[in-house]
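Asker: Take a look and give me a structure for this.
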Amino acid sequence: MRYRFGFVSNAVTLWEASPAKTLTFARYSKLSTEDRTEALLRTTKANLVNTLRTLYFVIAHDIPLYRLSSSIVPLATHPEVRWDFVTPFRKEFHDIGELVKRHNLRVSFHPNQFTLFTSPKPAITENAVIDMTYHYEMLEAMTLEKESYMNIHVGGAYGDKASALRRFDENIKQLPNHIKARMTLENDDKTYTSLETLGVCEKHDIPFVFDYHHHVANKDDHAALDEILPRMFNTWDKTGIPPKIHLSSPKSEQAIRSHADAVDMSFVLPLFEALKPYKQDVDFMIEAKVKDQALLRLVEELSAIRGNRRIGGGTIEWKS
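Answerer: This is a model prediction of the structure:
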């Protein structure tokens, strides 16, 4: 079994390399028309440059997975700003995509928690479609729209999960099919459990991203791993790529939903034990505060287990 690991957005080891520099609407609205355009271009350029810097870091450390920042383009979905961010940066987006493909990296996006399809308010669904379209347009500009995915949560329950899930069935129809085809869903730490999310994924033919920390933290998530994992694998069969699992560990027993700085190996080992019988490759996205440093530390710890062998900066051949 080959287990590959990645991290989210910002390599903390790099100096001043955030790919998510911001331009608030409040600041933007105070600028002249000319300065507004310049500010949008300057901030986006900085984020694209830092995305490339981070990808070179990923490649140098032989890390095979990376989650792109959702905040590369400031104010891209703001109703009073929405602007053509592709045309002025066609080369930069293309260069990112070429680098990803040349080094066989697996990259993804994770739109924010407000991108959901269970709301009774039409405006929320409209905004979700706009946000998913924005992410898809970035993938398209990178020519990665046929291989990369955008991961979101099912959404809110609004006091009635059954009704909310019926709304998901209807609201998701507003998302164009070519964008829905690049979508994954993950289980929540409070609302939708692993099995509830799996049910939505199976109904809509959407790959399921299993978040192990959320599974443990969600007091209603009582499903056994041997009930979740085979169904998770099945949702990825058609994709031709390994399933993805999110890894993090609680900050403390009291703050069980909060992510710790690094990943506690003892917390995640039960998951690795449960995966062994399936003998399948899996990709893991590290969602820890120190990001790349947490990844490299966990890979080193896991590869030290007798029988395992580290075969790359972020890859382990698991034999234990």
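Asker: From Leu68, how far out is Leu116?
Answerer: Separation of Leu116 from Leu68 (C-beta to C-beta, to the nearest Å) stands at 20 Å. From N, CA and C alone the C-beta is placed, and that goes for glycine too.
Asker: residue ranges for the strands of the protein, please.
Answerer: Under the criterion DSSP state E, strands of the chain are mapped to 2-8, 65-67, 106-109, 149-153, 183-186, 208-211, 244-247, 282-286, 309-312, 315-317.
Asker: Would you convert those into a markdown table that also reports distance to Leu48?
Answerer: Listed next are the strands of the chain as a markdown table, based on distance: least, C-beta to C-beta, whole Å:
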| stretch | distance to Leu48 |
| --- | --- |
| strand 2-8 | 18 |
| strand 65-67 | 15 |
| strand 106-109 | 14 |
| strand 149-153 | 18 |
| strand 183-186 | 24 |
| strand 208-211 | 26 |
| strand 244-247 | 25 |
| strand 282-286 | 22 |
| strand 309-312 | 27 |
| strand 315-317 | 27 |
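Asker: Ok, which of those strands comes nearest Ser163?
Answerer: strand 149-153 (17.2 Å; C-beta to C-beta).
Asker: what's in contact with the closest one?
Answerer: For strand 149-153, the external contacting residues (C-beta atoms under 8 Å, 6 or more residues apart in numbering) are 108-111, 113, 115-116, 132, 135-136, 139, 179, 182-186, 188, 191-192, 207, 209, 244.
Asker: Out of the strands of the chain, which gets nearest to Arg231?
Answerer: Across the strands of the chain, Arg231 has its closest neighbour in strand 208-211 (7.4 Å, C-beta to C-beta).
Asker: Packing partners of the closest one?
Answerer: Applying 3 or more C-beta pairs under 8 Å, 6 or more residues apart in numbering; DSSP states H and E, one finds that strand 208-211 contacts strand 183-186, helix 194-204, helix 225-236, strand 244-247.
Asker: Recalculate using a threshold of 10 Å.
Answerer: In this structure, strand 208-211 packs against strand 149-153, strand 183-186, helix 194-204, helix 225-236, strand 244-247, strand 282-286, with contacts taken as 3 or more C-beta pairs under 10 Å, 6 or more residues apart in numbering; DSSP states H and E.
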